[in-house]
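Chemist: need the 3D shape of this:
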Amino acid sequence: MADTAATGRRPSLTQKITATLLLLLLLLVWTMGANSWTEKGCHLSQGYVYVLSHGGGPDSHQGCDPEPGGPVYTDQYYG
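Modeler: Numbering: from 1, shown residues only. Below you'll find the model as predicted:
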């Protein structure tokens, strides 16, 4: 068989730009959600995880309480 046989279609420049913009938008929304957790006493790195595990920003009763080892998640946040 010839090595010149086409094995697939390459994405166009427009498709690459669109995918990149969608990825940047997703990262922006994820960062905004993580930042909303920092307003409730959590570290930003914790906020990124909580956005994924809790499906978005914190509810009014969710946040992080200060502990000697760093902020810890609580679902009884009143700060």
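Chemist: all helices for this protein, in order.
Modeler: In the chain, the helices defined using DSSP state H lie at 13-38, 44-54.
Chemist: center of the protein, which residue is that?
Modeler: residue 30 (3.4 Å; CA atoms, centre = their mean).
Chemist: pull the contacting residues for that one.
Modeler: Neighbour list for residue 30: 48, 51 [criterion: CB atoms under 8 Å, 6 or more residues apart in numbering]. No exception for glycine: its C-beta is placed from N, CA and C like everyone else's.
Chemist: poorly predicted segments of this structure, please.
Modeler: Scanning the chain for pLDDT under 70 picks out the ranges 1-7, 79.
Chemist: circling back to that earlier point, ok, so what distance separates the residue nearest to the centre of the chain from residue 38?
Modeler: 13 Å (CB to CB, to the nearest Å).
Chemist: for residue 48, same thing?
Modeler: 10 Å.
Chemist: over to residue 75?
Modeler: 17 Å.
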